[in-house]
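Mind folding the following:
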Amino acid sequence: MALAESKNSRLIQISELESATLHAALIDRSDVGRLRVSGDDAADLLNRLSTNNLEHLTPTQGMGTVLTNNKGRIIDLLSVIPLANSLLILTSPGRQQQVADWIEFYTFVEDVTSNDITDDTAMIAIVGPKSAEAVQKALGIDVDDLELYAPIMVDSFDGASLVRTDHFNLPTFEFIVSTEKKDKAISAFDQHNVAQASSSTAENLRISMAVPSATGELTEDFNPLEAGLRPHISFNKICYIGQEVVSRLNAYEKVQKHLVKLEWKTEDAVPAPGTPLTVDGKNVGQLTSVGDADNGLGYALGYVRKANVETGTSILAQSEDGEVALTVTGLSGQG
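Predicted coordinates for the structure are as follows:
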């Protein structure tokens, strides 16, 4: 009976993954942190704290940026979205308080106020190649030309926000509504047969699409260049915390490891996150996230030394059931 239930559960997950990668799927991402940062100096302060050039923010165009500590290590990857009278900051799940504290610590005479709205709102992601079509049908909004990190107000949901983030390296639209409107939002997409994906499916999708997360990759053990976050870094700006370290690593090509996507045949044993990775008996890195997919392959993410990140490189990991042979299939941050 347990075997049958496991098989059935896997079939459901396969269907959900296919919806997200081939059509459109709904993923509840309400665990993502949400801060509303307001005040005349909000954008300027964030610009001085993070890696991207927030001077390029416009009323209709946001951007991703990274908070780093004074050693150039990752505090969090943020999405900064301009709203009418404030900035909406999306943090990693559970990181909103740390980010708010960081902003407050560096606020002296600046006019900046940060409010945590995570518990007062919900965030529903519509993911997949046909997600724009699903949004059009459910909300009556044309988002085909919506730019990345650009917000749209949804009047039918009392001014809720819709933002394109492409979080899963797939077209992704985040629908941010009040908690009271969450069920109504889900129902709007359910009525148009948009499949709901479970949290485990979302995690496997994240790993298979090489998206780093706070659970293993976006930590103070690593810097943003190692994590493949180069698109969220401006090398033409100065004076942000950690800037000297990040710029030096880039200018002198001193990055020693990179976050990579790995695959293995699922009939083999399954390694665990944190497992050391070896080549010819030498340690070359470690696994950070492990999942599985629907086509006979397992997927994982790991940090690997620069000399061993070429696509096709064979790497070994240990598990409780024996040695597992993995293959590097690409770098995170390159699609």
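
domain assignment for this structure?
The chain breaks down by automatic domain parsing into domains covering 2-30+119-208, 33-116, 256-331.

Which of those domains sits closest to residue 227?
Closest approach to residue 227 among those (CB to CB): domain 256-331, 5.2 Å. C-beta: built from backbone N, CA, C; applies to glycine.

quick one, what contacts residue 172?
For residue 172, the contact set (CB atoms under 8 Å, 6 or more residues apart in numbering) comprises 125, 126, 127, 131, 164, 165, 166.

need the domains of the chain in CSV with distance to residue 215 and mean pLDDT, can you?
What follows is the domains of the chain, written out as CSV (distance: least, CB to CB, whole Å; pLDDT from 0 to 100):
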stretch, distance to residue 215, mean pLDDT
domain 2-30+119-208, 9, 89
domain 33-116, 8, 96
domain 256-331, 7, 91
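
Which one of those lies nearest to residue 242?
Of all the domains of the chain, the one in closest proximity to residue 242, counting by CB to CB, is domain 33-116 (3.3 Å).

gap between that closest one and the chain center?
Centroid separation for domain 33-116 versus its chain: 16 Å, with CA atoms, centre = their mean, to the nearest Å.

do the same with stretch 154-165
20 Å.

Neighbour-wise, which one of the contacts of residue 172 leads?
residue 127 (31 neighbours; other CB atoms under 10 Å).

Roughly how far does it sit from residue 152?
Using CB to CB, to the nearest Å, we find residue 127 at a distance of 17 Å from residue 152.

Same check on residue 72?
Distance from residue 72 to residue 152, by CB to CB: 35 Å.

neighbour count winner among the two?
Taking other CB under 10 Å, residue 72 and residue 152 do not tie; residue 72 has more neighbours (22 against 19).

OK, contacts around the more buried one?
Residue 72 neighbours (CB under 8 Å, 6+ apart): 223, 224, 242, 243, 244, 245, 246, 249.

Only the buried subset of the residues you listed, as a PyMOL command please.
Buried members of those, defined by 16 or more other CB atoms under 10 Å, are picked up in PyMOL with:
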select buried, resi 223+224+242+243+245+246+249
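
Just flag the most distant two among the contacts of residue 72.
Spatially, the most separated pair among those is 224 and 244, at 13.8 Å (CB to CB).

May I ask you to confirm that residue 327 is in contact with residue 262?
Yes - using CB atoms under 8 Å, residue 327 is in contact with residue 262, at 6.6 Å.

Need the residues touching each of those two.
Common contact partners of residue 327 and residue 262 (CB under 8 Å, 6+ apart): residue 315.

more crowded one of these two?
residue 262 (27 against 15).

So in terms of bridging, what pairs with that one?
The partner list for residue 262 in beta bridges (DSSP bridges) reads residue 300, residue 328.

Also residue 76?
residue 67.

and it, what does it touch?
By CB under 8 Å, 6+ apart, the neighbours of residue 76 are 66, 67, 91, 92, 95, 98, 99, 214, 218.

Mind checking the domains of the chain for the one nearest to residue 235?
Of these, nearest to residue 235 by CB to CB is domain 33-116, at 9.2 Å.

if we can go back for a sec, select, from the contacts of residue 76, the two members most distant in space.
Farthest pair in these (CB to CB) is 66 and 98. Separation: 13.6 Å.

So for these two, which residues contact both of them?
75, 76.

Looking at those two, which is more packed in?
Neighbours per residue, other CB under 10 Å: of residue 66 and residue 98, the larger number sits with residue 66, 26 against 16.

Verify the stated contact: the more buried one with residue 233.
Yes - applying CB under 8 Å as the test, residue 66 and residue 233 come out as touching, 6.7 Å apart.

Need the residues touching each of those two.
Shared contacts of residue 66 and residue 233, counting by CB under 8 Å, 6+ apart, come down to 51, 52, 224.

Put together JSON lines for those, with secondary structure on each row.
Listed next are the shared contacts of residue 66 and residue 233 as JSON lines, based on DSSP: H, G, I helix; E, B strand; the rest coil:
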{"residue": "51", "secondary structure": "coil"}
{"residue": "52", "secondary structure": "coil"}
{"residue": "224", "secondary structure": "coil"}
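
Enumerate every residue touching residue 254.
Counted by CB under 8 Å, 6+ apart, residue 254 has contacts residue 248.

What is the three-state secondary structure of it?
Here residue 254 is recorded as coil under three-state DSSP.

any idea how far the closest residue in space to residue 162 that isn't next to it in sequence is from residue 194?
Spatial nearest neighbour of residue 162, excluding adjacent residues (CB to CB, 6 or more residues apart in numbering): residue 152 at 4.6 Å. Between residue 152 and residue 194 the computed distance is 18 Å (CB to CB).

just residue 84 next, same as before
28 Å.

which of these two has more neighbours?
residue 194 (25 against 8).

Against which helices or strands is whichever strand or helix holds residue 46 packed?
According to DSSP states H and E, residue 46 maps onto helix 42-49. Where contact means 3 or more CB pairs under 8 Å, 6 or more residues apart in numbering; DSSP states H and E, helix 42-49 is packed against strand 87-91, helix 96-105.
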